[in-house]
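Q: 3D model of this:
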Amino acid sequence: MPNGQNPVQNALSFDIEDWFNIVDIPELEKRENWSTFGSIVIEHTEQILRTLERNKVRATFFILGWIADKYPELVMRIHSSGHEIGSHSFWHRRIYLMPIEDFRKDTRDSLDAIEAACGVRPVGYRAPSFSILKGTEWALDVLLDCGIRWDASLFSGSRGHGGYDCPNHPFLANNLPSGREIPEIPLGNLRFGPLNLCFSGGGYLRALPYWAIDLGFKSFEKMNIPVVVYLHPRDFAVNCPRVPMSLFRSFKSYTGLGTTMLKLERLLANYSFTTCGTVLNLAGLIPDISEYSRV
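A: Here you go, the predicted model:
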């Protein structure tokens, strides 16, 4: 149990992809070249797993199908360590740029690859770059058709490749074209008047000083809302390879890489964390998560 009896169970999650799986960088978009790049995903996923084991924390790992296909032993290692397994698509393509049937195939391919690697077929999903936007709610119907039972793809603020006007807390999305519903655990943002500021994941967490991140956690705690943390193996990689990109994108991609683990360790020491599925269960949105871990 962390110091300071914090009753809020926050959601800790990791998107397992390699450094070259980032979107909207022309030099990296040719998928046939991916196998030629030097990989950092095993090294830094192992680093994450050791940190979680040392702190006795379970997390959700949203795994790219391409990674599961290429490194099945890594997926088995994550699963055998007791963590929750989710899908992060197969090819890491933005959903709003995909035809419906392409998205359906990509989702099924990712689930097949992950199941083949570890024996568990995921029921949780996170879209690449939080790329479910207004007008793409059809994607949630496709996820349900594919056997997904909860989603973590909504970013409750504006961002470069996503953004969705939704609550800051877990909720039941009921605006699907089919009329069905799906539990959502969105990425929350700290609201200052008209501004929504992310503080708990990716480049935001790397760029912000710890006191600002801590302020966000304390603000959510006062509202009894769980914080969703999302990180990638590359967020810990001070040795991350670099490719040409705009100054703004370079800042978002590479700033603060040497601070991520220190910030994560401090958060683990001061706040309570668990899986996305557990947080949704505590919110009454899904049944006992043990039902969601069987093949």
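
Q: wait, residue 255 touches residue 204, no?
A: No - using Cβ atoms under 8 Å, residue 255 makes no contact with residue 204, being 10.4 Å away. The C-beta positions use only the backbone N, C-alpha and C, and glycine is treated the same way.

Q: quick one, which of those two is more surrounded?
A: Per other Cβ atoms under 10 Å, whichever of residue 255 and residue 204 has more neighbours is residue 204, with 20 against 12.

Q: ok so that one is a strand residue?
A: No - secondary structure of residue 204 (DSSP: H, G, I helix; E, B strand; the rest coil): helix, not part of a strand.

Q: so who does the nearest residue to it once chain neighbours are set aside touch?
A: The spatially closest residue to residue 204, leaving aside those adjacent along the chain, is residue 198, at 4.3 Å (Cβ to Cβ, 6 or more residues apart in numbering). Contacts here follow Cβ atoms under 8 Å, 6 or more residues apart in numbering; on that basis residue 198 touches 155, 157, 159, 187, 189-190, 204.

Q: show me which of those residues is closest to residue 215.
A: residue 190 (7.8 Å; Cβ to Cβ).

Q: so what strands line up beside the longest strand that the chain contains?
A: When the chain is parsed with DSSP state E, its longest strand is strand 9-16. Sheet pairing of strand 9-16 (DSSP bridges) gives strand 60-63 (parallel), strand 228-231 (parallel), strand 272-274 (parallel).

Q: after the shortest one, which helix or strand is next?
A: What it means is strand 272-274. For strand 272-274, the following helix or strand on the C-terminal side (DSSP states H and E) is helix 276-282.

Q: re the thing from before, can you redo the strands paired with strand 9-16 as TSV with mean neighbour count and mean pLDDT?
A: Converted to TSV, the strands paired with strand 9-16 look like this (neighbours: other Cβ atoms under 10 Å; pLDDT from 0 to 100):
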stretch	mean neighbour count	mean pLDDT
strand 60-63	28	98
strand 228-231	24	98
strand 272-274	21	98
